[in-house]
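give me coordinates for this.
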Amino acid sequence: MSTDGDLGRRGRGPTDPARREKIANAAIAVVAERGVEGVTHRAVAAAAGVPLGSTTYHFATLDDLLADALRTAADHNVARLRAWERDLPADADLAAALTELVMRGLTDERPQTVVEYELYVAALHRPPLRHASNNWDDALVELFASRTDAVTGRLLAAAFCGLLMQALLADPPPTRDEIDALFRRALGEPPASRRP
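Numbers count the residues shown, from 1 in each chain. The predicted structure is shown next:
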C-alpha cells in the first residue's frame, strides 16, 4: 500500500516536466567540468540529483541528451544576445558593441562560452546535433541582420563565432583593438584610428 509521500514522489518522477530541463542543464554542467566526452547518463544523473533511470527515460541515447543540452545552451545564448540587442541604442557604434560582446564572452561569460562551443563543435561528429547547431546559427544571423542586412548579418555571425573560437584558443588572445578592426572591416567602416 502506498502512502501520500509515495504518491508525491511518483508525481515528481519521469512525468515531471521540469525534470527533462533539469537533466539537460546538468548535462551542460558536466560538459563544463569534463567536456563532451565526459558526458554519460550516469554522470548527468549524479549532477542532476536524479536516478539514472530518469536520464534514460527522457533521453534514450547520449546524442539525444547532448542535442537537448545544445538546444538549451543555444537558447540561453540567444536570449542573452537578444537582451543585448534590445538594450543597444539605435545609433550605437555596432563595431564597438560587437567587440564588447566578444570581450564579455572571453571574460565574464567565458565558462558559458566554452560550454557552448564544446557542444557546437560536437555536432561535427554527431549528426543528431546538427539541427540544433544550424538553428543557433540562423538565430545569430537573424539577430545581426536586424541591425544591418541579411548578407552582412551572416558575415557578422560568422565573424563573431570565429573570433570567439579563435580567441578562446589563442595565446595571447587578440586585443580589443584587433577585434574592433575586424568588425569595422566587416561593416565596411574605416579603422577606429582613422575615424573623424
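
can you report how many residues neighbour the nearest residue in space to Glu189 that is not next to it in sequence?
If the residues on either side of it in the chain are set aside, Glu189 comes closest to Ala95, at 6.2 Å by CB to CB, 6 or more residues apart in numbering. (Glycine included, C-beta is placed from N, CA and C.) When counting by other CB atoms under 10 Å, one arrives at 22 neighbours for Ala95.

next: Arg185.
Counted with other CB under 10 Å, the burial measure for Arg185 works out to 13 neighbours.

elements contacting the helix or strand containing it?
For Arg185, the enclosing helix or strand under DSSP states H and E is helix 176-186. Counting contacts by 3 or more CB pairs under 8 Å, 6 or more residues apart in numbering; DSSP states H and E, the secondary-structure elements packed against helix 176-186 are helix 94-106, helix 150-169.

ok, and which of those helices has the densest surroundings?
helix 94-106 (a mean of 19; mean count of other CB atoms under 10 Å).

distance from that helix to the middle of the chain?
For helix 94-106, the distance from its own C-alpha centre to the chain's C-alpha centre is 16 Å (CA atoms, centre = their mean, to the nearest Å).

which residue ranges form the helices in this structure?
Read by DSSP state H, the chain holds these helices, from start to end of the chain: 4-11, 17-34, 41-48, 52-58, 62-87, 94-106, 110-122, 130-145, 150-169, 176-186.

those helices: lowest mean pLDDT?
Per-stretch mean pLDDT for the helices of the chain is lowest at helix 4-11 (a mean of 42).

what about the helices and strands packed on helix 176-186, which gets the closest to Val30?
Shortest separation from Val30 across those is recorded for helix 150-169, at 19.2 Å, computed as CB to CB.

got a list of contacts for the closest one?
By CB atoms under 8 Å, 6 or more residues apart in numbering, the residues outside helix 150-169 that reach it are 98, 101-102, 105-106, 110, 113-114, 117, 137, 140-148, 173-174, 179, 182-183, 186-187.

any of those residues buried? List them.
Judged by neighbour count, with 16 or more other CB atoms under 10 Å as the criterion, the buried members of the contacts of helix 150-169 are 98, 101-102, 105-106, 113-114, 117, 137, 140-141, 143-145, 147-148, 173-174, 179, 182-183, 186-187.

now do the helix holding Arg185 against helix 150-169, angle only.
Using axes from the mean of the first three to the mean of the last three CA atoms, to 10 degrees, the inter-axis angle of helix 176-186 relative to helix 150-169 is 160 degrees.

output helix 176-186 as CSV, restricted to C-alpha atoms.
Output for helix 176-186, consisting of C-alpha atoms alone and laid out as CSV, is shown next (Å, rounded to 0.1, in the frame of the first residue of the first chain):
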residue,chain,number,x,y,z
ARG,A,176,40.2,44.7,-28.2
ASP,A,177,41.6,46.9,-30.9
GLU,A,178,42.3,43.9,-33.2
ILE,A,179,38.8,42.6,-32.7
ASP,A,180,37.3,46.1,-33.3
ALA,A,181,39.3,46.5,-36.5
LEU,A,182,37.9,43.2,-37.9
PHE,A,183,34.3,44.1,-37.1
ARG,A,184,34.8,47.6,-38.7
ARG,A,185,36.2,45.9,-41.9
ALA,A,186,33.2,43.5,-41.9
